[in-house]
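**Q** got a sequence here, can you model it:
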Amino acid sequence: MSAGAVSPSISNGGKFENCNFLILPNDPSAKYFAISPLTMQKAEKEQIIQLINSWRERSKLSLKQILARIQAEGCDVTRDMFENRFVRFDQKPDIAPELTMAVIAAFTKGLTLNERCMPVEAIELAKLTHMPINQIEAICQFFPESEFDKAFSLTASPKYKPAPTGPSRVHFPSKSYHRLIGRTQELQQLLTALRERKRKAVIAIVGLGGIGKTALAQEAMDQCWCEGIFQYIVWASAKTERFIGKGTRKIEVSDYSFEQWLDDIARQCKRDDFVPLSLEQKRLAVKQLLLEQRVLVVMDNLETIPDYEAFVDQLFQLLGQSKLLITSRHQLRLEYVFTLDLGGVDRHEGITFLREEGKERGIATMAQAKPDDLSAIHQVTGGAPLAMKLVVGQLSRLPLDNVLYNLQTASFAGPNYDFYRFIFKYSWDMLDLESRKTLVSMSVFDLANGSSAQSLSEISQIEVEVIQMALEQLILLSLVDINGNLQQHRYTLHPLTHYFILSDIVKKWS
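**A** Numbers count the residues shown, from 1 in each chain. Now for the predicted structure:
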């Protein structure tokens, strides 16, 4: 039998009956690659929906555009037909190979590398929809040959084995963005740390509130899911509130516990039998799970957990061959943590971000905006994604000069108070008196060049030794950035921090 041929049904104690198998090329032992059972399973439907959802988010295609693209491939598909097969969980109709191929074409042809589906995802969809193996090689027409071959080698197995469904994405949080902009370098750093088993087991994305930490973590989760790096991906959040444009909204309790973390892992790794166990039994069971399976555990908004470094240390003791990805506004002083410091996006990417945000919100003036105006928005916001979103939202009803003035002249009674409260209140409350004085003293220095510890001491009339301790705390809480070289450190502020310490909000909170 040649490569690509379909074998007769093979019995293996009933486990692989009614499966199609592929003989792997150049395999002298004639082993097979199982595609899937003929009847669609619930887990397979979930995976199909999650795949299509991720493609829709990435491509930014509307449903109308998707249907037109599928129809252009010769498939007469209606909206209901598409939604029954790729949107609705309660429907499990068969998906014809021709439709699978047309859908893959719709999400590849004419799209950029960042917009199209990936080869490994296309092969996964083919497996999940039970495409006959003698047709699967046709997918290679949509991708460079080397990319497709690499993807195929990732999905092929040298043993009889049903096609894996991978970790479920049902529990993944919804995204607040359609395409991640301006984080290519940071994403690659993060993925390198996650892919390599010998790299540090705990990775922390650290930065100011609203700088895009959660979005970067979500993008890394998606990429890890697509590549099949981990057997399970767990999402846990200690977030206590979310900024929604006009104010903050409470979303979760703040007393996230170690036991709750264990329960999240158990449930999302399909081990609900762990949940009723005692705390010690549960700890040992999860430790064994993380040792035997490769799991990525994502912990969002770590800083809201009391004594968060001790909490992380508890988690670290259980990781085994798994990885822990953290987002936090506050630094972790633990030697086994790899830290990725996140700042604002650069000017070019910031302009791209602003135009896309305007397009998403239907604000026509953003499409025609002059580059100088968009550069001004980027400069005032310091490239912080949440602040840029705030500005774009307000431009639908106010002139640009007014919007930027309101952001720069923050006040307790001003229109942007909730925004500043969301970003700074939690960290401000943690500062001692000397640290607050040091932070406020930094407002007199140039934003670009910042100041030295000696200059701060002279301005604030606080001893240099005390200034150094205060700066250490301010850096830890992401309120001050450190620049310069090994011989001379300079300390700078993000523009939003600068506006905040110049406002009357500081006086009200003090």
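**Q** CA only for contacts and neighbour counts going forward, please
**A** Will do.
**Q** in the protein, where's the longest helix?
**A** helix 42-59 (DSSP state H).
**Q** using CSV, write out every CA atom in that helix.
**A** The C-alpha trace of helix 42-59 is given here as CSV (Å, rounded to 0.1, in the frame of the first residue of the first chain):
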residue,chain,number,x,y,z
LYS,A,42,-18.3,16.6,21.3
ALA,A,43,-14.7,17.4,22.0
GLU,A,44,-14.0,17.5,18.2
LYS,A,45,-16.9,19.9,17.6
GLU,A,46,-15.5,22.2,20.4
GLN,A,47,-12.1,22.1,18.7
ILE,A,48,-13.6,23.0,15.3
ILE,A,49,-15.5,25.9,16.7
GLN,A,50,-12.4,27.2,18.6
LEU,A,51,-10.3,26.9,15.5
ILE,A,52,-12.7,28.8,13.3
ASN,A,53,-13.2,31.5,15.9
SER,A,54,-9.4,32.0,16.1
TRP,A,55,-9.2,32.2,12.3
ARG,A,56,-12.0,34.8,12.2
GLU,A,57,-10.3,36.9,14.9
ARG,A,58,-7.0,36.7,13.2
SER,A,59,-8.2,37.4,9.6
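**Q** what residues of that helix count as buried?
**A** When burial is assessed from 16 or more other C-alpha atoms under 10 Å, helix 42-59 yields the following buried residues: 44-52, 55-56, 58-59.
**Q** nearest to residue 488 among the residues you listed?
**A** Distance to residue 488, by C-alpha to C-alpha, is smallest for residue 58 among these, at 43.5 Å.
**Q** not counting sequence-adjacent ones, nearest residue to the closest one?
**A** In space, and not counting its chain neighbours, residue 58 is closest to residue 115: 5.1 Å by C-alpha to C-alpha, 6 or more residues apart in numbering.
**Q** pretty sure residue 86 is touching residue 47, no?
**A** No - checked against C-alpha atoms under 8 Å, the pair residue 86 and residue 47 is beyond contact range at 9.7 Å.
**Q** ok, which stretches of the stretch 1-150 of the chain are helices?
**A** Taking DSSP state H, counting those that start in this stretch as the criterion, the stretch 1-150 of the chain carries its helices at 42-59, 63-72, 79-86, 97-106, 119-128, 133-136, 145-155.
**Q** same for the longest helix of the chain, what does it pack against?
**A** Using 3 or more C-alpha pairs under 8 Å, 6 or more residues apart in numbering; DSSP states H and E as the contact criterion, the neighbours of helix 42-59 among helices and strands are helix 79-86, helix 119-128.
**Q** give me whichever of those helices is most buried.
**A** Counting by mean count of other C-alpha atoms under 10 Å, helix 119-128 has the highest mean neighbour count of these, with a mean of 23.
**Q** show the average pLDDT along that helix.
**A** Taken as a whole, helix 119-128 carries a mean pLDDT of 86.
**Q** now for it, which elements pack on it?
**A** Using 3+ C-alpha pairs under 8 Å, 6+ apart as the contact criterion, the neighbours of helix 119-128 among helices and strands are strand 32-37, helix 42-59, helix 97-106, helix 145-155, helix 213-227.
**Q** for those, which one ends up most surrounded?
**A** strand 32-37 (a mean of 23).
**Q** what average pLDDT does it get?
**A** For strand 32-37, the mean per-residue pLDDT is 36.
**Q** could you do stretch 183-202 as well?
**A** In this model, stretch 183-202 has an average pLDDT of 91.
**Q** tell me the one of the buried residues of helix 42-59 nearest residue 236?
**A** Comparing every one of the buried residues of helix 42-59 with residue 236 (C-alpha to C-alpha), the shortest separation belongs to residue 50, at 18.9 Å.
**Q** distance of that closest one from residue 383?
**A** Shown here: residue 50 relative to residue 383, a distance of 31 Å by C-alpha to C-alpha, to the nearest Å.
**Q** tally of neighbours for residue 427?
**A** By the other C-alpha atoms under 10 Å criterion, the neighbourhood of residue 427 contains 21 residues.
**Q** distance of residue 186 from residue 215?
**A** Taken as C-alpha to C-alpha, the spacing of residue 186 relative to residue 215 amounts to 12 Å.
**Q** what of residue 489?
**A** Distance, residue 489 to residue 215, by C-alpha to C-alpha: 30 Å.
**Q** which residues touch the residue nearest to residue 111 when sequence neighbours are not counted?
**A** With C-alpha to C-alpha, 6+ apart as the measure, residue 59 is the residue that lies nearest to residue 111, at 7.4 Å, once sequence neighbours are left out. Listed by C-alpha atoms under 8 Å, 6 or more residues apart in numbering, the contact partners of residue 59 are 107, 111, 114, 115, 116.
**Q** and these as a markdown table, adding pLDDT?
**A** Rendered in a markdown table, the data for the contacts of residue 59 read as follows (pLDDT from 0 to 100):
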| residue | pLDDT |
| --- | --- |
| 107 | 94 |
| 111 | 90 |
| 114 | 77 |
| 115 | 85 |
| 116 | 87 |
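**Q** so what's the residue count around the closest residue to residue 82 other than its chain neighbours?
**A** Taking C-alpha to C-alpha, 6+ apart, and ignoring the residues beside it in sequence, residue 82 has residue 67 as its nearest neighbour in space, at 7.9 Å. Other residues lying near residue 67 total 20 when counted by other C-alpha under 10 Å.
**Q** mind checking pLDDT for residue 67?
**A** Residue 67 is assigned a predicted lDDT (pLDDT) of 93.
**Q** surely it meets residue 79?
**A** Yes - using C-alpha under 8 Å, residue 67 and residue 79 qualify as a contacting pair, with a distance of 7.1 Å.
**Q** and residue 165, what's its pLDDT?
**A** Residue 165 carries a pLDDT score of 43 in this model.
**Q** what ranges does the stretch 351-500 of the chain have for its strands?
**A** 481-484, 489-492 (DSSP state E, counting those that start in this stretch).
**Q** could you dump those to TSV with distance to residue 299?
**A** As requested, the strands of the stretch 351-500 of the chain are exported to TSV (distance: least, C-alpha to C-alpha, whole Å):
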stretch	distance to residue 299
strand 481-484	24
strand 489-492	28
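**Q** burial check on the closest residue to residue 201 other than its chain neighbours, number of neighbours?
**A** In space, and not counting its chain neighbours, residue 201 is closest to residue 323: 4.8 Å by C-alpha to C-alpha, 6+ apart. By the criterion of other C-alpha under 10 Å, residue 323 has 25 neighbours.
**Q** bridging residues for residue 323?
**A** Beta bridges link residue 323 to residue 296, judged by DSSP bridges.
**Q** what kind of secondary structure is residue 233 in?
**A** Three-state assignment for residue 233 (DSSP: H, G, I helix; E, B strand; the rest coil): strand.
**Q** that older thread, neighbour-wise, which of the contacts of residue 59 leads?
**A** Ranked by neighbour count (other C-alpha under 10 Å), these have residue 107 at the top, with 24 neighbours.
**Q** list the contacts of it.
**A** Residue 107 makes contact with 55, 59, 66, 115, 116, 117 under the criterion C-alpha under 8 Å, 6+ apart.
**Q** for the residue nearest the centre of the chain, give its distance to residue 178.
**A** Among the residues of the chain, the smallest C-alpha distance to the mean C-alpha position (C-alpha atoms, centre = their mean) belongs to residue 218, namely 1.4 Å. The spacing between residue 218 and residue 178, counted by C-alpha to C-alpha, is 12 Å.
**Q** on that earlier part again, which one of the helices and strands packed on helix 119-128 lies nearest to residue 127?
**A** When those are ranked by distance to residue 127, counting by C-alpha to C-alpha, first place goes to strand 32-37 at 5.4 Å.
**Q** ok, the residue nearest to residue 195 when sequence neighbours are not counted - how many residues close by?
**A** Using C-alpha to C-alpha, 6+ apart and skipping the chain neighbours, the partner closest in space to residue 195 is residue 229 (6.7 Å). When counting by other C-alpha under 10 Å, one arrives at 19 neighbours for residue 229.
**Q** before we move on, the earlier item: give the contact list for the residue nearest to residue 201.
**A** Shown in contact with residue 323 (C-alpha under 8 Å, 6+ apart): 194, 201, 202, 203, 294, 295, 296, 297.
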